[in-house]
Each structure stands twice: as C-alpha cells, then as structure tokens.
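Visitor: sequence and predicted structure, then a few things I'm wondering about:
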Amino acid sequence: MVDKNNQTSYDVLVIGGGIAGEESALNLAYSGFKVLIVEKDLSVGGKMIHLSKVFPTLDCSACITTPKVSETARHPNITIYTYSEVKNITKLSEQNFSVTLVKKPTYVIESACTGCQECEEKCPIIVNDQYQWDLVARKAVYIPFSIASPRVAAIDIENCILCGLCEKVCPADAIDFTQEIEEIPINVKSVIIATGFNLFDPTVIDRYGFGKYKNVVTSMQMERQLVPTRPYNSVLRPKDGKMPDNIAYVLCTGSRDETVGNPICSQVCCMYSVKQAQLIMGALPMADVTIYYLHIRAFGKGFEEFYQQSLSMGVEAIKGKVGKITEKENGNLIVRYEDIREGKVKEAEHDLVVLSVGILSNPDVKAMFNGNSIELDDYNFVKQVDELINPAKTSIDGVFVAGTASGPMDIPDSILSAGAASSETASYIRKHQVESSK
Amino acid sequence: MKAEKGKTINYMKEKRTVPEALKEKRKEDAKIKKAILKSLESGEKTIPQISEEINLPTEIVTYHIYSLRKFYEVETGEIDDMDEYFFFKLKKNK
Amino acid sequence: MKKKIGVYICHCGNNISDYVDVEKVKDIIAAEDGVAIAKTTMFACADSAQNEIIQDIQDNNLDGLVIASCSPKLHLFTFRNVAERAGLNPYNYVQANIREQTSWAHSDNPKGATEKAIQLVKAALAKVKHSEALALQKIPAVNTVLVIGAGVAGMRSAIELADMGSKVHLIERTHFVGGRTSQWSKLFTTSETGEEIVSRLYYSVLEHDNITLYMGTEVVSNSGSVGNFEVELKKTPRYIDPDCKIEDDTEFENKLQKAIDICPVEVIDEFNFGLTKRKAIYKNFKSEFPECPAIDAANCTKCGDCEKVCDGIKLDQKEEYTTIKVGAIQLCTGFDPYEPKDGEFGYNEIDNVITLQQFKRLIELCPDKLIHKDKEIRNIAYIYCVGSRQVDGDNKYCSRYCCTSAIFTAIHVKDKYKNINNFHLNRGIRTYGKQEILYHQSSSQGDIYLQSFADSPPVVGKNGNTTSIIINDILTADKEIEVEADLVVLVTGMIPRKDNSIGNILKVPYGRDNFFNEIHPKLKPVETVIDGVFISGACQAPLNITETSKSTLSAASKANSLLKSGEIELEPTIAQVKSDICNWCDKCTLACPYDAISKIEHKGKQVAAIIEAKCKGCGMCLPVCPENAIDLIGFSDVEIETMIEALIE
Amino acid sequence: MSKVNTNFSTDLKKYGSINFNECYNCGNCTAVCSLSTEESSFPREMVRYSILGLDKDIKSSLKPWLCYYCGECSETCPRVANPGELMMILRRWLITKYDWTGLSGVLFKSLTASIVAFALVAILVIIVGFFKQFNTEALLHLGHYFEMISIASVFLIILLPNIIRMWWFTIIKTKAKVNFLSYLKAIWDLIVHMFTQKRSLECEEENTFRWLEHFLIVIGYLLLLFITVFLDWFATESKIVLWSGYIVSALVFIITFDFVLDRIKKNKEINKFSHPSDWFFVIWLFLMAFSAFVVRVFIDAHLIDNNIWVYMVHIIILAQWAMLIVPFGKWTHFLYRSFAMYFDKLKMSQ
Amino acid sequence: MNNQNLNGAPKILVFSTEKISDPAIDLAGLLKVHYPSTVYTINVPCSSAVKTKWILHAFEKGFDGVFIAADGTDCPYGESCSKLTGEIVSVTHERMKEQNIDPARLKMAAICSVCAEAFAKHVKSFTEYLSKEKNTN
C-alpha cells in the first residue's frame, strides 16, 4: 500500500513483513507510533502464511496469519511497501536514521488492480511457481498466491515475452509497463530487523539426491502439499503423481552438521516433521510415516505431548541419521541408515522421502548497514549483544532484531521475540525523547 | 518518455529484448500442453497413461498436468482401482 | 427502520457483470421497500464512484447504504469510511458479497448467480433496515501496571513499562529481589552470572521514579476489570527500620552481622536448597538486594536477642494492608524446581545424589576443590529428565532448559576444577538452536553421553563405597553399561510454583501441565482470558532467561499499548441482556470465556449484566440462554431473521 | 556388563591426534560406509567403544581391519569426529595388542623411541660392516643371508605368534564356533585378499587408481623381495632377472613417490592425518626401492667396489625395514588385514 | 414438512464466521471451486453464537438445510467454541425431532480459513442428500 500522504519520516522502520515484523509493527502502531514495513516480496505474511497447520495446537497457519495481515494492512499507523528493499541505512545520530528504499516495479498499478486474474488467464508463459516451491507453474503475470496481501497481480519481467496480452485484457487498466525502479529516501527514529531466515538448500548434500531424484522433496514442498491451497489435489509424488504410502523424514538435513557449515540446531525441524507426519496420517490414513532422527527436540510448551501423541498415532521414529539415498527404477527410494538402537546399518524402501531442511541466516542484512555495519554472530544471524536481558538489542543503538533474524526459532518464540523488539524500540524512542526534552 | 495508456507494452519493447531461450521454452511448454490436452480428448487418463501415450517422462507430465489444473483447464477425477493414480479430464466450464 | 436506503451494484470490471446480470439485480432491488436509490457502478471502490455515493447520500439524506460488490474482507472498511465521510454512521452500511460468493463461485451458472445475487442484496437490505448506529465506546484506564514477582521477568518488565511511560507497582513475596536467577552463578549462553544480572536490573528499578518496589508483599484480593483493577496488598514486615541504610555505614552493618551471629534460631537454608543452614535473621549472599537482611517471621521466636545488639531491628513492626488502582496486572511468579521423591534415582537415600539446583549452589560454595560430604569429587554422573517427560508421573512435558543447563554446568565444572569426568545419562539431548554449540563443546572436552529410553531409566545403586549407575545404553546397541560416580546430579526440571494461589485470586486459568495458561500460543501468547491480566516468564511454561526476557517484554508491550492512551476502546458489537426477561440461571456466565457477565439487581430480581469492558462480542452466551434474553448488537434476532426471510423469498 | 573407562580414550589419543569424543552418535558414518553391512556394522560401534573405553570389545573385534579407509565417513561426519582415522588408530592399537613383544606399542606411541630404534639398527649394521672391513663381496654375501634369515625369523618368531594371538582374541575368546573344514575352505579368500585387497574397491568413491597402486605395490614389493632374495639380484648375470629387478624397483619407487606426495598435499580425506608410522612406511618403501636400484646401477657400472657406502645405506634401510617396520610397524596391516578377512569369513560361515 | 421448496435445488443456509470460515467460502469463489448457487451465507462472529431459534426459523421459512461452518480449534475466541457449537447442534437436533424435522437437515463441520475445497465438498454432498430426501418425499 503506497502511502497516501507521501510521508517521508516514520518512528520505526520494520524490515520484513513476516509474522515477526507484523507483530512488532502492530504492537508499536497500537502504542501510537508511525511504522513503515518494508517487504521485499510481493506479499506480506512471510513464510508463515504458506504453512499448513502449525504445531503443537494444529491450528491452521493461514487462520492466524491472515487476520494479522489484514489488521496490519488496515492499521492507520502502519504503511507497507511491498516488493521493496532497503538499500542502505545510515545512523546520523540517536533517533535519526537516514534510509534509502528501493521500490521495484511490478508493472501493475496496485491501487487499480482488483485481483480479477483476467491477465493471468491470458498470459501464455509458464514459470515455476516459487510459492508452491516449484511443484507447479504460474504465469509470467500472476497474483502471488490466493491469500496474498495485497492481492494484486505483478509481472515477472524476466520471464515476460512482451506480448502485451495482459494489458489488452485488463478491465481496470492496471497494467503499466512504464514503471521504473524508484528510490525513496526516508527518515526514521529506529529500525527493527525482521528479515527472517533462508532454508537450507539440500542440493549441497549430494548423497541425498535432491534434484536428481524427483521423489526426494523438501519439507517446505511437503508443507505446501498439506495446505488446502496446495499444488496437487492430494499428497502425491512429484515424479509420477502417485499417491505415496510409505514416507520417510530425514531430520537434521543441513542442521547440526559441520560439513555444510551449519553446526547449530534449527530448532523447528523436529516439530514440523512430527506435525507433518500427523497431518499425513490424517490425509492418507493408509500411509506409513517413518522419521529418522538424531534427537527429537520437542522442548516447548505442549511439544513433548504432541510428539508422544504422534507416536501413539503410529508414526515410527527411528534413531539414526540417514547416510544416503538411492533411487530405484520405479521411483522408490532406498534409505540407508544406522539403526542406532540396534547398532546395525539398514536399508529401507520408501516411496517418498522428505528432507527436513534446516534454517539458515538471511545474509541480506549485512549489506543494508554499510556505514555502521551491524554485528553478526558466528552463524551470520544478527548478534544479540545483551541476549539475556535485552534480547532485541543489536550492536547499533536504536536498531533492534525480531524473530528468526537473530537465530532459528518457532512461531511462538518469534512472536514473543517480536514483542520484545517492539517494547525495546518503544522505550528507546521514549527515552531519547525524554532526554532531548530535558 | 510518455507512453500511451493501454499500450505501455510498446515502451517496454523498446527497452528490453526477449531472450531466445525464453521463446524456445515457451514453444516447448506449449507443445507439451497441447499434447496433454489432446491426449485427454479421448477420455480420462492417469499420469502414467498420458506419459506413455505422448512419450514424455512422468515428472514432466505431472508438472504440466497440475499446472493445467491450476489454470482451470483440466480437472481431477477419481483415483484408479489400486488407489495410486488419479484420472484427469478436460474441464468443461471454466 | 431505515426508509431511505441507497443500493449500489458493482460490475467490478467484468468480474461480477460477466456472470451476474447486474442490471436485473438493480431493477428488482429498486422496487423494494425503503430503497431510495439503486444504481450500478463499474468500480464501486474507484475514487469517482466513492464521491458519487457520498454525493447521493448527502443529496437524498439517505439513512442506510448497501453496496453489493466484492468480499467485505476487502472493502468493508473502505465503504464504512465512505459512509462516514457522507455523514452516515458506518454501522448503517452493509456489504453484500456478490463476487467471491456469487459471480466467481457460480461462474458455471450465470442464472443461479444472478438469482443468488438478488437474494443476497435483499438480505443486506433487510439487515441495514434494522441496523443501529453504533459508536466506539471508550472507558478511562489508569496507566499503571501491577507486576507480581521481582525476579528477572518482573524486574525486566517493570523497567520496560516505566521506560515506556507507565507507572509500575512491583511486588515481591519474599524479602529479596532476583527470584531464582540470583541462585545461579554462570548463565548460558553469555556466561554472565545470576548475581550480575540481578544487580543490573535492581539498580535500574531503583533509578526509576515510575517504579514502586514492595518487598514481602502479596496480593490478597482483586476487583474491577481491565483499565481499573483494585488490588489489595498485604505487606509482611522485614523487622528492620526502613530508614536504616547499610551503604556507607559499616557500623550499622557490623551491628547487623552481630545480630545474625547471635540469633539462636537455625533453619534449613532454602536458598542453598538445604545444603546449608541459616539464621532467622538472614541474607542469602553478600551482594543481595535490598542490602539489609530480613527477619523470617515464620521462624523467628521473637526472643529479642538481636534487638539488643542492633538498634535498627524493630520486632514490633506490623503487617500492612494497602489498596492500589491499576490498569493491568502482569504475573511473573516464576517456577519451583522439581523435588525428586524419596528413592527416585537414590535421592534422599544415597548420600551423594543431589539435584542440579543443589549442585549449582554447591559449586558456588566450593571455590577451589569440589567437595561434597567431605569427599573430593572427580566423576560426576548427570541423570536427565528427572521430573520431566514422565511416563507414569503427571509431568508429561519437557522442561526445556535443563539439558542445556546441565551441559553448561558440566563445562563450567570441568573448567573450574581439575580432573573432572562428566557422564551424561540422558534421554535425548535437547540443546535446541545455538545451544547445540554447548553440547558440541562438552563432547569435545571429553564428556561422555549415554542414552536410554523412557521405558528403561538408569538405575542408581550403592556398591560398597562407590555409587554406580547402570544404564542400557541405546548408543551402544542397548549394552548394559556401568558408570561409577562420586556424585550423582539429578537434572530436575521446572514445575509450577507450589503456592500458586495468586492464580485463583486473579482467576487465571491453568493449562494441563498446571502452569498458567495463555489464550493462544501464537495469537495471544502473553494474554489470559482475563482482559488486562498478562502472564510472562516461567510461571507460564519452562523457559530459559533469554526466553523469559522475550516473553516479559512482550507482555510489557501489550500492557503499554493497552493503557498508553489512558482509555480503552471497546468493541461496539457486544452482547446485551434484556433484563426484563432474564431469570438469572448462570448459564451465560459459564459459557462466557472472558468472565464478562456479572449478576446485578434489576427491578427487584437477580439478572445477568454484561461487563462492557470485558465483552469481546463472540456471542457464545447467546444460544445458551433458556429465555433468549441475550442479543448481540449487529446480530439481533430481528436482523438475522429478516435476513433469513429475504434469502428464501 | 561393561564399565566405562575414561583412561582408554586418553591412551588411544597417543596413537593419533584426533578428537573422536566429538561423536554424537548419529550413525552417519556407518550408513555412508560402503563396506559396512547389517551383519557387520562399523565404524560408529568402534567409535563408541573407544569413547566408553570398552577395550576388550575392541580387542576381540575384527571390524577395524574390515575398514579400508575410503574416507567417506570422515568427509561426511557432521561433527568432524574422523571415524575413518579412528579406525586407523585402532588398527595401530590392535597391532600393539597382538604383538607379544610389546615393542610395537613403544614404537607407535613414541616418535623418539622410533628414531632411537632406527638409529640402533643403523649402528648395528655399521658395526657388522666394520667387522667385515667393508669388503664388498663379503658384505653382499652377508646381506643376502641376512635378508633370508631376517625374513624367516621375523615371520616365525614375531609375526606367526602374533597371528595366533589375533586368532585367539578374535575367534577363541569370542567363542565363535568354527569347524576345521571352514578353515580350509576359506583359505583361498585369505590369499586373494592378501594379494589383491579387492574389498577396497567397494568404496563409494572412484578409487580404482588407488587400489591399482596398492595392488601394484604389493605385487612389486613381493617381486622385489623375490628377485633380490631368491634370485639374488645383486649377484646375478641373468638378463631377465636383471631387467625385471630394474622394472620392479622403478615401479615401487614411482608409486611410493606418489604416496608420499599425497600425504604431503593432504587433499584426500585419507591423507589428512599422517601418523609417524605412516611416514616411515611409505618413505622406507620408497627408499628401499630407490637404494636397491642405485646399488644395482653401481654394480652394473662397476662402481660398487669403490662406493661400498651405497650398499651400506641400502642394507641399513633394509635392516630397519625388516627389523622394525615389518614386525612392528605399518607393514603388519598387510598381514593382519588379510587374516582379519579370513577370520571374518570363518565367523560368518558358522 | 411444511413450506418446503419443492421445485428446484434444495436451499441451504450457511452460518459462517467472520474470521475463519467466511474467508474459506470467499476462497472457494476465488479458486473457482464451484458449488450450488442455492447456498446462502450469513456471517456471525463465532459459530457458537448461532441460536437454535434462527435455525428453526430458517426451516420454518423454507430452507431445506442449514450448515454451520464452525471455527473448530482455530476459533480466535478460545477453546470452548467447538464444544459450545456442538451443544447448539445437539440441542437443535432435539428441537427438530420434536417438530418432526429430519435432524440430518442440520449439519456442522469445522472449516478453516483456507479450507475452500472442504467447504464445497460439504455443501455439495449436503445438497445431494437433501435433493434425494426431497424427491423421496
């Protein structure tokens, strides 16, 4: 939503419109601060809006995110720039940050688009749909996903063949190919980094065959398959559309592994895998689900109970890290692992293997603070300089961190961390106001 | 430079050229789409059946058929007797 | 009843008009009773259309507005705003969803879609006819927060609230601040000590004019509701003259020390978890805050010996009661460590079996050599999940912090003393996130990990002079492995405070694990069903210190946004009791999740009344009323029933 | 029941400097290992035993010998605990356990002791030379006999008893029931494995070249032994023997040179850690071939009479090899591994 | 069964909830998941606010079926929602029996905010059931 008033100064800049960014923005907005959210993607909602049901309460992620998204979008104190990035942030003095934003062109006039999808229907180009993690295609002009906010079309110019059909059919005259990159200078009193995380790319681990074997999927691809707005009509194998009946989960893919440069635990994979296992058992009652784990990290409120429940539902948990995966002619996969309890190496056949990929830092942050560089920790997450008492404090006064930008965490923890960031931001602004008025 | 409203595409055409690879991919995709839709004209089929008929790997058929489903051109029917593969059919009213 | 209603049917480009015959809809609606204007429009949301609607409302003095267009989720607020700008009450606007739920849903059936659109517009018309003009209600609120518990959570929140401009009453049941954290030395993962953290927080608390700290104080009763709670506090005396200051007064300090020396009462020192004893007048450690010692009323025999050597001691101090007015309450009452049962892994039966908490105090008490019961300790066995993840017991939950805490302690011990061997007998190490590095560090330094499943826990036994533990180690193919240990540390988890009566006073619900329960872990993680009462820290669930800070700051932020403006906005769509028909039966109060219904006198009988400040407008009380005496504003019987009639016509 | 013994792992670290305590028992090493089977899974079991100090279980196990150090387990170990190198360390440890003299232990654990031993042998040879007044003919003659005697005695006095001890620990003590006929039936495997080491080909990674090198070096070494000792290469006039001697020594020389280079470059997982015993082995092998070559060249060029020191160097190297590396050093791998395969076959056949 | 609409498809009244199930019904439209056009929706804050009186009124006025698209466990007002909605249904079923209305004409299911296909499936099968009933009567 472009600001109606062409405002150029805000109390708080929130970088990232995921759940952590929104939660902190809302808290601050309700306390009367003017907030600008900058989101690099086409829609706010972050990763959470794409998830199916979430542990341990199994409530649907969209049911929690979308009301929050619309509350954010509607709040008079919040302005949102989507498809925009922070180019640089310079701290001039306390409570005075000069920021340059870059608004990328979508070639669609946001205020005019009604989200009717006429253009999408006519567009002749298909491209991998990043929001369905490449399981199906989208068009070159497209609405990101059905519950996107804003729910308007955008043109992927890299994949556009410039046929102009979209412009011809748009009933609202919303297509505008003359849009250019815009640089917007603004001033803010403080900054919240809520840039979230990246997922581990399993192609790094050659012996798991991701990319090579089509029936080896990531947990995010499985997550999409379990959502009502899923790419297929059921949980299916991408190789041949067959309904699987024996699914394996490979935990610690890219976590707790020095050889891929990520020695820390991703904190969420155990639980989301257990959750997906429960959902699969609901969706495919005949299916067997096996989880290959190192240690089940069911540490949060209600997590252990949730894990025990999945075991009683029939999920099989085997202690042992999967060493390698090989494909059979029929697309089934042979998983080789050591059954730790027996101390024996074993092979098991599954018809779908899910790699429970870990959480990595989002490296975008570093480049935003070119002048007074922000300190990162050993794993390239934003460093919490006073972790115990001021968990949102960073190496720059007036810059705070919320959610997974500071390390792996689950949704409840992200929301709490966002709460902490908002209150630390509020007291920072107020403290300096009191000081300057003295 | 001002572009005429409703024909801003001309502005973009002057600025950008479309890579050949993209055009090639478009042709290829269109060919696959046509083949799949044609194959379905003779009745409901599963992914392995289509794959065999049009001589394309099942993973490509899976990708395209579900994309077509997303764009409301085909729809899913019943599952086969073995509870393994779904049938697909052309969508009548889009 | 509204008589002059404007109805607009939107084409939405072709999105609606392709499947719905909008002209037909308009013609039929134009003929309806009370319709003053009926029009179609290309894009109702376009600026020009909005202006036209405003013009129409003003020119024709319309008293109701219906727009049939897309889903209200998209433009309800846009059009309410249009109504408002035209001088119409926003609640006299009703939107009919003829795109998502009509033209798009039935694009396969244009005829059906048109019919449905007509019915939906008629229903919207019926609703608008009976709609009431509503205004946002506001009640004044005190920007003061009562924070209960002066541990890390409580102090941290008090400071933040004060920083954000709230007044804070911070109360602590004991005579010293710091709670559990002051009992721990080095803390993961930053290696600061508990003492450092507590003193940092304590000085910040003192610095703040906005914070009033009450020691030895607890809540006795509570009344009122969000924005305006009235809380009665009871303060137990410290028996030390409040004017006496220990700083810079070594003479007074010496007198107090004499008083401690002379005190004849010796009791078990809870601070050291029973490892040592203390007097009835006591201070737990040198730099404890507040700096003055306190007299433990429960154990003091009032012999008066101390008064004789120290004139600052006043044994005649009495309990005090005060009532304060606060807008919100934050519970930060913390946890208790799990106390193993007698014989649980040899606890209280074998003399070198202690809990992790005791062990941490023991390390503090042993500066150079680790000595327990006169024996130097070299081999330490840690048994994990004691009191957590119980198969037979009540505590099914994982206590979250203990794995990391035990590992961190093991690293610390090996660092501090010579020739230590650590053996970790665990049930699967849960050093989540970056804490994994500590696990790695401990393995690299040679700590040995052995693991068993819940069904075959390790067995602690005395074997002559040595204590040995036998475990079926699943990491060694279930081989039976024996570990000899000089000290067995039971890694005990967190349980809710044994005395959690504050929960009953505030009516805060407990979860299945008996910790205080939030409304929803993601939507409202620090809020309780009692509006204005927040929970944070380990009283809600086991948490480590960083997580405690996050949760307590979150709660502070929520309390601040609630009270900052000095008034609380209430939902206009709340329940209403028709007092005349109500025959108090209590069913509605049971159904209400927010405790928003009270019993009042009305015309000589007992009836239910809605507490507006608490009602969220969910309507759960409506169907349970046997007399149909409750209505929800905006969803009254007449509105719903006329809508039903309009839909079936 | 087994008791944890933390001293064992401290002791084991003297046989190689890696921290296998970092292992968190994920089992990845066993799962990626192509040689590991359901009946015989390793290396994690050995890592576990090492950490817990279950030395008896290691001593009775053949698994360290079943490992050919493909290196994949170490490359992919998430905690970088180097299971592959630990297996190597365990082999060293086992060699000392099999060795009834106890000398292996001293040599493996202490580099100083090794250097002293090498020096002593050298001095001994020089003293013998001195007594023979460095007479070429006499020395060549003596050298030839020395070779034959030392091979026979090392084998009979040291290696044979050690093999019997190994058999005792791994077959008898584990109460494996093996009937006499299986001993005979499996003998072919013993010979095949001894000469081909073909199991190392089962490593996942492409390593045929490494195997070929190994194979050639075994064959080359044995041929060289045969040619010098039994065909008396230094004293023969037969053209065939002469030339095959040259070819074989050049072959051994080239391959060992490549080995040394690999260990210096450390770009393969198996070369990342080099114990002194590994260096001794490859360097002495290299020196042996090289010096033999030089000696023969000197003989053919009729320079040997005036340069007897060339032969002295060769004979010193030879003596060190035969008296230290063969009975107590890495050479024994060749023997124990082959016998381990043999014993394993026996155990499997029961 | 009085007042029953004898010609045409059976009419179904859906009680949806503002935050959870109504977005799902919107999404059905968005995704072109079709269902009979004789399905009408009335929006309430929470499914546990639906009065028996309203349901009976709908039957009386001629609706063939009533479907409560409940919040289930996703209800923003708390856990008791599912239980209370269930009670409403069972109380109403009793009243329907008293009035000789087939209790199967009132259905309830939890519909999450993106459960568009589930919603369409429910109302489709409900419609089928009701038309069968209608024809046999």
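Guide: Done, it's in.
Visitor: which residue comes closest to D:L54 once chain neighbours are left out?
Guide: D:S2 (5.1 Å; C-beta to C-beta, 6 or more residues apart in numbering or on different chains). Where C-beta positions appear, they are placed from N, C-alpha and C, glycine not excepted.
Visitor: quick one: contacts for the one you found?
Guide: By C-beta atoms under 8 Å, 6 or more residues apart in numbering or on different chains, the residues touching D:S2 are C:K479, C:E480, C:I481, C:E482, D:L52, D:L54, D:K56, D:D57.
Visitor: if we go to 7 Å?
Guide: Contacts for D:S2 (C-beta atoms under 7 Å, 6 or more residues apart in numbering or on different chains) come out as C:K479, C:I481, C:E482, D:L54.
Visitor: closest approach to chain A from the stretch 51-200 of chain D, which residue is it?
Guide: In the stretch 51-200 of chain D, the residue that lies nearest chain A is D:P78 (3.9 Å; C-beta to the nearest C-beta).
Visitor: could you check how far that residue is from A:P408?
Guide: D:P78 sits 16 Å away from A:P408, going by C-beta to C-beta, to the nearest Å.
Visitor: ok, these two, which is more surrounded?
Guide: More crowded of D:P78 and A:P408, by other C-beta atoms under 10 Å in any protein chain shown: A:P408, with 26 against 23.
Visitor: so which strand or helix has the more buried one?
Guide: Of the helices and strands defined by DSSP states H and E, none includes A:P408.
Visitor: shouldn't it be in contact with A:C270?
Guide: No. Contact criterion C-beta atoms under 7 Å: A:P408 and A:C270 do not qualify, at 11.5 Å.
Visitor: helices along the stretch 201-350 of chain D, start to end?
Guide: D:208-225, D:239-265, D:276-300, D:308-320, D:326-328, D:332-349 (DSSP state H, counting those that start in this stretch).
Visitor: and for chain E?
Guide: Under the criterion DSSP state H, chain E carries helices at the ranges E:21-30, E:52-61, E:80-98, E:116-136.
Visitor: coming back round to it: looking at the contacts of D:S2, which are in strands?
Guide: Among the contacts of D:S2, the members found in strands (DSSP state E) are C:K479, C:I481, C:E482.
Visitor: would you show me how to pick out the buried ones of the residues you listed in ChimeraX?
Guide: Listed next is the ChimeraX selection for buried residues among the ones in strands among the contacts of D:S2, using 16 or more other C-beta atoms under 10 Å in any protein chain shown:
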select /C:479,481
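Visitor: could you export the helices of chain E as JSON lines, including distance to C:D47?
Guide: Below are the helices of chain E laid out as JSON lines (distance: least, C-beta to C-beta, whole Å):
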{"stretch": "helix E:21-30", "distance to C:D47": "25"}
{"stretch": "helix E:52-61", "distance to C:D47": "39"}
{"stretch": "helix E:80-98", "distance to C:D47": "40"}
{"stretch": "helix E:116-136", "distance to C:D47": "32"}
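Visitor: pick the most buried one from those helices.
Guide: Of all the helices of chain E, helix E:21-30 has the most neighbours on average by mean count of other C-beta atoms under 10 Å in any protein chain shown, namely a mean of 27.
Visitor: ok so, going back, quick one: which of the helices of the stretch 201-350 of chain D is nearest E:S37?
Guide: Among these, the nearest to E:S37 by C-beta to C-beta is helix D:208-225 (71.4 Å).
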